[in-house]
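Undergrad: When you get a sec, could you give me coordinates for this:
(one chain, ligands or ions: 2)
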Amino acid sequence: MTLAEIAGQFQTSGPIVRIPEHGSGHINDSYRLVNGSVCQPDYLLQRVNHYVFKDVPLLMRNMELVTRHIRSVLMEQDTTDYERKSLEIIPTVSGDSFFNDPDGNFWRVINYIPEHLVFERASDPSLAYEGALQFGGFTRMLDGLSPEGLGDTIPNFHNMRYRLDNLAVAIREDRAGRVRLVPDELAYVREVADLMCTIQDLGDKGTIPRRVTHNDTKISNVLFDLDRKGLCVIDLDTVMPGYVHYDFGDGIRTFTNTGEEDDEDLGNISMNLDMYREFARGFLEATRDILQPAEADSLVYAGLLFPFIMAVRFLTDYLAGDVYYKIKHPDHNLIRARAQFHLAQDGQARLEDCKKIIRDLLPRATK
Ligand code: GN1
Ligand code: MG
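TA: Residues are numbered from 1 along each chain as shown. Ligands and ions are numbered 1, 2, ... in the order given. Got it, this is the predicted structure:
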């Protein structure tokens with residue numbers, strides 16, 4: 001089927017005149033459905049990667065629950081422009097949330113939010129604050145939705161022990177013959193593995209509560225308006241039960257990094273504490289009064305965990321022969337892994353400063 005035929009399966013209004021590719025995700029393919037009628041909206045058509053997301057119907061059910069809940073919260077708050085501030089699933093002509101094509105691909109259409117900006121890197125602290133308000137607001141709005149109603153779109157997605165086990169399998173199998181190329185990286189993993197399981201262990205013991213979490217709170221998953229104010233959180237594929245640390249942590253990983261996620265020059269990479277402070281300030285402004293003391297007290301470890309877990313995942317994919325992430329060149333996953341390990345190390349070096357930043361932002365009772 002052509003893209004135009006697939007787009008025709010959905011309840012869009014107005015003639016779709018162009019379908020250019022859209023965005024920079026590592027997993028799904030996205031296209032903008034450009035409306036020929038100026039008074040009708042554009043849409044976003046996405047093919048959901050069913051190699052990564054094994055249960056797309058479950059994923060779409062989660063997405064329906066979450067988008068509906070967020071819209072109802074925004075409407076209660078009397079937000080006039082809730083359409084620009086939330087995602088909406090556009091149903092197929094038969095009323096389903098996705099379309100299954102004859103080749104077995106899964107497609108969905110969502111609203112396209114016009115006049116937005118996307119950033120791959122935070123260029124000033126106000127972006128970190130604005131982005132954090134969005135992700136913190138997401139946590140806050142979903143505080144009223146029970147995580148037990150959602151399924152795991154990717155089981156154990158941010159379970160550090162599971163990711164370490166997967167790395168161990170990739171090392172044992174050595175499918176791409178690359179294990180000999182990464183002795184330093186593997187030594188670092190062994191050295192810090194226990195520290196990086198801090199959040200997982202608190203969760204396993206029941207010390208921190210499960211919540212509905214986004215699980216991909218990178219800066220490029222916030223839309224900003226043309227005045228660089230946060231508008232909306234996007235990319236809800238990995239919304240599932242988790243810990244607040246997952247969302248705080250991936251935000252810290254991407255908003256504070258002075259380099260690129262895949263920077264070859266490790267000298268460019270560090271954790272910028274001004275960004276850290278502003279991200280933490282925005283996130284805690286939105287979540288301060290819903291967080292439990294045990295969550296607040298352990299939040300700082302999330303900033304280490306996320307660069308590290310991403311590095312472990314990139315490294316595992318490198319050793320397995322690049323089967324998961326889209327890559328631009330053969331060493332891409334290795335370069336990503338090295339960059340993220342470097343950021344984790346920098347976070348370790350700044351841990352005491354980060355603790356102080358968070359302590360100063362919390363109300364006295366949880367200090
Ligand atoms: C993937 O597809 P994208 O870019 O939204 C990944 C995230 C990683 C991210 C790294 C389902 O997200 O976990 O943080 O790449 N998503 C999945 O940039 O694995
Ligand atoms: Mg994503």
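
Undergrad: List the contacts of Val182.
TA: Val182 is in contact with Leu315, Tyr318, Leu319, Leu334, Ala337, counting by C-beta atoms under 8 Å, 6 or more residues apart in numbering. C-beta: built from backbone N, CA, C; applies to glycine.

Undergrad: Apply 7 Å and report the result again.
TA: Leu315 (C-beta atoms under 7 Å, 6 or more residues apart in numbering).

Undergrad: where along this structure do the helices fall?
TA: With DSSP state H, the ranges of helices along the chain come out as 3-7, 56-76, 125-141, 160-173, 183-196, 198-205, 244-255, 273-287, 293-319, 332-349, 351-361.

Undergrad: I'd like the ones you listed as JSON lines, with mean neighbour count and distance to Ser94 appended.
TA: As requested, the helices of the chain are arranged in JSON lines below (neighbours: other C-beta atoms under 10 Å; distance: least, C-beta to C-beta, whole Å):
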{"stretch": "helix 3-7", "mean neighbour count": "15", "distance to Ser94": "14"}
{"stretch": "helix 56-76", "mean neighbour count": "18", "distance to Ser94": "14"}
{"stretch": "helix 125-141", "mean neighbour count": "23", "distance to Ser94": "30"}
{"stretch": "helix 160-173", "mean neighbour count": "16", "distance to Ser94": "37"}
{"stretch": "helix 183-196", "mean neighbour count": "14", "distance to Ser94": "46"}
{"stretch": "helix 198-205", "mean neighbour count": "18", "distance to Ser94": "40"}
{"stretch": "helix 244-255", "mean neighbour count": "29", "distance to Ser94": "34"}
{"stretch": "helix 273-287", "mean neighbour count": "23", "distance to Ser94": "38"}
{"stretch": "helix 293-319", "mean neighbour count": "24", "distance to Ser94": "37"}
{"stretch": "helix 332-349", "mean neighbour count": "22", "distance to Ser94": "40"}
{"stretch": "helix 351-361", "mean neighbour count": "16", "distance to Ser94": "49"}
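
Undergrad: mind checking which of these is nearest ligand 2?
TA: helix 244-255 (9.7 Å; C-beta to the ion).

Undergrad: can you list contacts of the closest one?
TA: Taking C-beta under 7 Å, 6+ apart as the rule, helix 244-255 contacts 122, 128, 131-132, 135, 139, 158, 199, 211, 213-219, 275-276, 279, 283, 287, 291, 295, 298-299, 302-303, 305-307, 310, 343.

Undergrad: Over to stretch 71-81?
TA: Contacts of stretch 71-81 (C-beta under 7 Å, 6+ apart): Tyr82, Lys85, Ser86, Met141.

Undergrad: where in this structure is pLDDT low?
TA: Within the chain, the ranges that satisfy pLDDT under 70 run 78-79, 364-367.

Undergrad: cutoff 90 now
TA: The chain contains residues with pLDDT under 90 at 23-27, 75-83, 120-123, 326, 362-367.

Undergrad: Spell out which parts of it neighbour ligand 2.
TA: Asp216, Asp235 (C-beta under 5 Å from the ion).

Undergrad: In the chain, which residue is most central in space?
TA: Centroid check for the chain by C-alpha atoms, centre = their mean gives Asp216 as the closest residue, at 0.8 Å.
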